[in-house]
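kindly return the folded structure for what I paste below:
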Amino acid sequence: MTSKPLFVCEPEKGALLLEKERQNPPFPIRELTYIFDGAKEITEKREWIRHNIVAKDVILQSPKYFLNRQERYARSLKVLRQLVFYKLKYNMTDEEWLYLQWEGYNDSFPTMLHEFAFLPFLQKAATEEVQKQLVPLAKNYGIIGAYSQTELGHGSNVQGLETTSTFIKETDEFELHTPTLTSLKWWPGCLGQTATHTIIMARMIIDGKDYGIHPFILQVRCLNTHTPLPGITIGEIGPKLGTDAVDNGYLKLNHVRIPRKNLCMAFSSVDQNGKYTAPAHPKLAYVGMVSVRATIVQDAARNLAQAVTIAVRYSIVRQQFSQKKSLEESSVLNYSMQQYRLFPSLATAYALTFTGRAMKRMFSSLESELKRGEHSLLSEVHAVSSGFKSLTTTLAGEGMEQCRLCCGGHGYTKSSGLPDLYASYIGVVTAEGENYLLTQQTGRYLLKLFQKLMSGEEVKPGQTTEYILRAVKHQISLGGQNCSCEMCICPVKEGEHTEFLLSRVQLAAYQHRTIRLLTDLANDIQAQLANNPENLSFVQIWNSLQVEIYRLSRAHCLYLVAKFFIEAVEEIRQNGGHESVWKSLKTLCDFFILYYLEKDIGEFSQDNYISRGQILLLRKQLKITMTSLRPLALGFVDAFNFSDHQLDSCLGRFDGRVYEALYQYVLDDPSSGKTVSESYKYIRPLIRQEFIHSPKISKL
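Residues are numbered from 1 along each chain as shown. The predicted model follows:
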């Protein structure tokens, strides 16, 4: 909801509260904004776009909450057209185009899959010939692409997809076909009405032999008329929980031919004689998906940051009850329960920001390695991206809903911005890999690594698993003997609760938890295989341990998030960051780590790594740290530097004029000027008691 002139009245108390808190900021807000954005230059570019393009464009500023689904979709395409116009007008780089999308869109991104799946797939997996032909068009929206993998009957089980792509030697073509009802492509965003092309995942068949799932490029609509091409039935799947501006679609194919070059052949290929060349590494086919998941991690941080900005500002503006003898009410953020509910989301937003950057660095290293023809990082990055996708989207989704709940009744109205933000985001928990199933990828990778290490095999540790190598070597050296080192017993001494603020103590606890869960999983599997009266297969045993695998993946990824947060704060300190900035971030980092340590305390105390006395010390320090975050909270959310246009929220306005904005919102409702609703005609007979006087019918 954009900032616009409201009716004239005295300044609200809440607005004055925000103004008062901003008078003496606890740290240089601007410096933290540069850190959040990645560089001063990025912030300045974003703000130039904000003030010189977005704020001046009537279409970009148009309201959305009173529109129906079709109107929201139409608005999103109008906004897209405007943004592409500005992209071409200012000859924007890829980075500048991304900033324009961030600043310009305040609704579901209608062509998100075009930007984050279709285009990257073309650039990374298509042949050089196809790239030269399609990439320039795709960048300027001369073609618009979707990503079609999920089917009506199959989602996470990619190997079970039914869509076929049969090679026809005589014409040097592939024939795409959806042979069953359950093989229809179902759910791809942008496909229903918008896309002209799609990446389609299909089962490749050559001379009757099934070579598994491969990606193909398919044109679905005419570039002149936008009508579906012959053999293609396409449309929308209907209303959803959220994302009204996105046309999720279905696709039915009836023996549709495409040239052989439309097979994405960067890693595997088929020649004109039908000879198939397999990829050098079995997981190369997942590179495109890893790229998408790296983006998803960064997106989780941004969405959660928006929600917590709204909730923290409103929690300062909103006053309830008095904590002193005076009659003056207190901001609800001053209450410890509100802090305990909100501050985890605040800390998580920053934690995921630094995790997203680490994930991006890992993917960049992988890309560089692949260009050299090497694949040593592929399995690790694939496993980490799977675990991170699951963890970060779950944390973001749960955090956004908690932010809504923390805003009370007003959080339930669309005017708060939170219902729309949550409903539009939460679909990603199941999209691009269902969150609970994805953790099996991470668990399988960790288990294989553990088994190799325990067997004495020489293994080069990855950057995310070096601690596992050290722990296994330590286990082997103990030979079953007890040990009281930091890896085995929490070192926090009696009465010394501040020792929980030591990074080495924090990381040691998270490492121990993961190693124990990994060891227990390996022992469980080994025991079931050794004592197996029902002759269960490994797959059956594995499936019986899915809960344990999920816990292992979550523990490993939470450790990495904590590690990346600690390293980011230390890097800021070493690079000469303002002392109040890195110290404030250290407090936020401590709270994040201690909060999830206490939340999962059963997993840390199960083997007596943390004692009952240490649990009490942990809770004491957690509460102290939480209290110290209260004066920092507004500065942290202001540093995110979201515009009122981006938040589109009456509750999250920068100026704090919440109640004026809420009243203005109801006045803007198209039905607000009508004294009597058109639907009154349905209750008029009831109010007038007309049924009482109507002729009676005999009893049933």
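
now do the helix or strand where residue 391 lies: which elements does it pack against?
Secondary structure assigned from DSSP states H and E places residue 391 in helix 378-405. Judged by 3 or more CB pairs under 8 Å, 6 or more residues apart in numbering; DSSP states H and E, the packing partners of helix 378-405 are helix 287-317, helix 336-371, helix 418-425, helix 435-454, helix 546-574. For every residue, glycine as well, the C-beta is placed using N, CA and C.

and the angle from that helix to helix 287-317?
Helix 378-405 runs at 20 degrees relative to helix 287-317, counting by axes from the mean of the first three to the mean of the last three CA atoms, to 10 degrees.

buried residues of helix 378-405, list them for me.
Going by neighbour count (16 or more other CB atoms under 10 Å), the buried part of helix 378-405 is 378-393, 395-404.

over to stretch 608-619?
Under 16+ other CB under 10 Å, the buried positions of stretch 608-619 are 609, 610, 614, 615, 617, 618.

how deep is residue 140 tucked in, by neighbour count?
Other residues near residue 140 come to 11 when the count uses other CB atoms under 10 Å.

same question but for residue 229, I mixed them up
Look at residue 229: counted by other CB under 10 Å, it has 13 neighbours.

surely it touches residue 222?
Yes: here residue 229 reaches residue 222: they are 6.3 Å apart, a contact under CB atoms under 8 Å.

apart from its chain neighbours, what residue comes closest to residue 37?
Excluding the flanking residues, the one nearest residue 37 by CB to CB, 6 or more residues apart in numbering is residue 43, at 4.6 Å.

next: residue 353.
Per CB to CB, 6+ apart, closest to residue 353 is residue 301, 4.3 Å.

so that neighbour touches residue 352, yeah?
Yes: assessed by CB under 8 Å, residue 301 is found in contact with residue 352 at 3.7 Å.

ok, which stretches of the stretch 151-300 of the chain are strands?
164-168, 173-177, 185-186, 197-206, 209-219, 232-236, 249-253, 256-259, 269-270, 276-277 (DSSP state E, counting those that start in this stretch).

now those strands in a markdown table, with mean pLDDT?
Output for these, formatted as a markdown table (pLDDT from 0 to 100):
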| stretch | mean pLDDT |
| --- | --- |
| strand 164-168 | 97 |
| strand 173-177 | 97 |
| strand 185-186 | 96 |
| strand 197-206 | 96 |
| strand 209-219 | 95 |
| strand 232-236 | 97 |
| strand 249-253 | 97 |
| strand 256-259 | 97 |
| strand 269-270 | 92 |
| strand 276-277 | 92 |
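
give the rounded mean pLDDT of the helix or strand where the residue nearest to residue 37 lies.
Applying DSSP H and E as the criterion places residue 43 in helix 40-52. Mean per-residue pLDDT for helix 40-52: 96.

tell me what it is packed against?
Applying 3+ CB pairs under 8 Å, 6+ apart, one finds that helix 40-52 contacts helix 29-37, helix 94-104.

quick one, which of these is packed in tightest?
Burial of those is given as mean neighbour count (mean count of other CB atoms under 10 Å); helix 29-37 ranks first at a mean of 20.

just the C-alphas of it, formatted as PDB.
What follows is helix 29-37, C-alpha atoms only, in PDB (Å, rounded to 0.1, in the frame of the first residue of the first chain):
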ATOM      1  CA  ILE A  29      21.200   2.000  10.000                       C
ATOM      2  CA  ARG A  30      22.600   2.900   6.600                       C
ATOM      3  CA  GLU A  31      25.700   0.800   7.000                       C
ATOM      4  CA  LEU A  32      23.600  -2.200   7.900                       C
ATOM      5  CA  THR A  33      21.400  -1.600   4.800                       C
ATOM      6  CA  TYR A  34      24.600  -1.700   2.700                       C
ATOM      7  CA  ILE A  35      25.400  -5.100   4.300                       C
ATOM      8  CA  PHE A  36      21.900  -6.400   3.700                       C
ATOM      9  CA  ASP A  37      21.900  -5.400   0.100                       C
END
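
what is that helix packed up against?
Under the contact definition 3+ CB pairs under 8 Å, 6+ apart, helix 29-37 sits against helix 40-52, helix 579-599, helix 633-640.

want to throw these into CSV with mean neighbour count and distance to residue 348?
Output for the helices and strands packed on helix 29-37, formatted as CSV (neighbours: other CB atoms under 10 Å; distance: least, CB to CB, whole Å):
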stretch, mean neighbour count, distance to residue 348
helix 40-52, 16, 22
helix 579-599, 21, 6
helix 633-640, 22, 12
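
closest to residue 466 out of the ones you listed?
Closest to residue 466 of the helices and strands packed on helix 29-37, according to CB to CB: helix 579-599, at 19.1 Å.

show the average pLDDT along the following helix or strand past the closest one.
Later in the chain than helix 579-599, the nearest helix or strand by DSSP H and E is helix 601-605. Average pLDDT, helix 601-605: 95.

what's in contact with the very next helix or strand once past helix 601-605?
Tracing the chain past helix 601-605, the next element assigned as helix or strand by DSSP H and E is helix 612-629. Residues outside helix 612-629 that contact it (CB atoms under 8 Å, 6 or more residues apart in numbering): 336, 339-340, 343, 346, 490, 492, 494-498, 500-501, 587-588, 590-591, 594-595, 597-598, 601, 605, 610.

so what's the gap between helix 612-629 and the chain middle?
Mean C-alpha position of helix 612-629 versus that of the full chain (CA atoms, centre = their mean, to the nearest Å) differs by 30 Å.

kindly report the same for stretch 618-633.
27 Å.

before we move on, back to that, residue 301 and residue 352: which has the busier surroundings?
residue 352 (31 against 24).

give me the common contacts of residue 301 and residue 352.
Common neighbours of residue 301 and residue 352 (CB under 8 Å, 6+ apart) are 392, 396.

what about stretch 454-469, how long is it end to end?
Stretch 454-469 has an end-to-end distance of 10 Å (criterion: CA to CA, to the nearest Å).

least confident secondary structure element in this protein?
strand 319-320 (a mean of 82; mean pLDDT, DSSP states H and E).

outside of the helix or strand just after that one, which residues touch it?
Moving toward the C-terminus from strand 319-320, the next helix or strand (DSSP H and E) is strand 330-331. Applying CB under 8 Å, 6+ apart, the contact partners of strand 330-331 are 17, 315, 316, 317, 318, 319, 320, 321, 322, 323, 324.

hmm, residue 20 and the third one touching each other?
No: counting by CB under 8 Å, residue 20 is not a contact partner of residue 316; they are 9.5 Å apart.

more neighbours: those two, which one.
Legend: neighbour count by other CB under 10 Å for residue 316 and residue 20, higher for residue 316 (22 against 10).

for that one, which residues are in contact?
By CB under 8 Å, 6+ apart, the contact list for residue 316 reads 14, 17, 18, 21, 331, 333, 633, 634, 656.

check which helices and strands the host helix or strand of the second one sits against.
Taking DSSP H and E as the definition, one finds residue 17 inside helix 13-23. Using 3+ CB pairs under 8 Å, 6+ apart, the elements in contact with helix 13-23 are helix 287-317, strand 319-320, helix 633-640, helix 658-668.

need the ones you listed in JSON lines with distance to residue 213, can you?
JSON lines is the format used below for the helices and strands packed on helix 13-23 (distance: least, CB to CB, whole Å):
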{"stretch": "helix 287-317", "distance to residue 213": "11"}
{"stretch": "strand 319-320", "distance to residue 213": "55"}
{"stretch": "helix 633-640", "distance to residue 213": "39"}
{"stretch": "helix 658-668", "distance to residue 213": "48"}
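
I appreciate the help and will end here.
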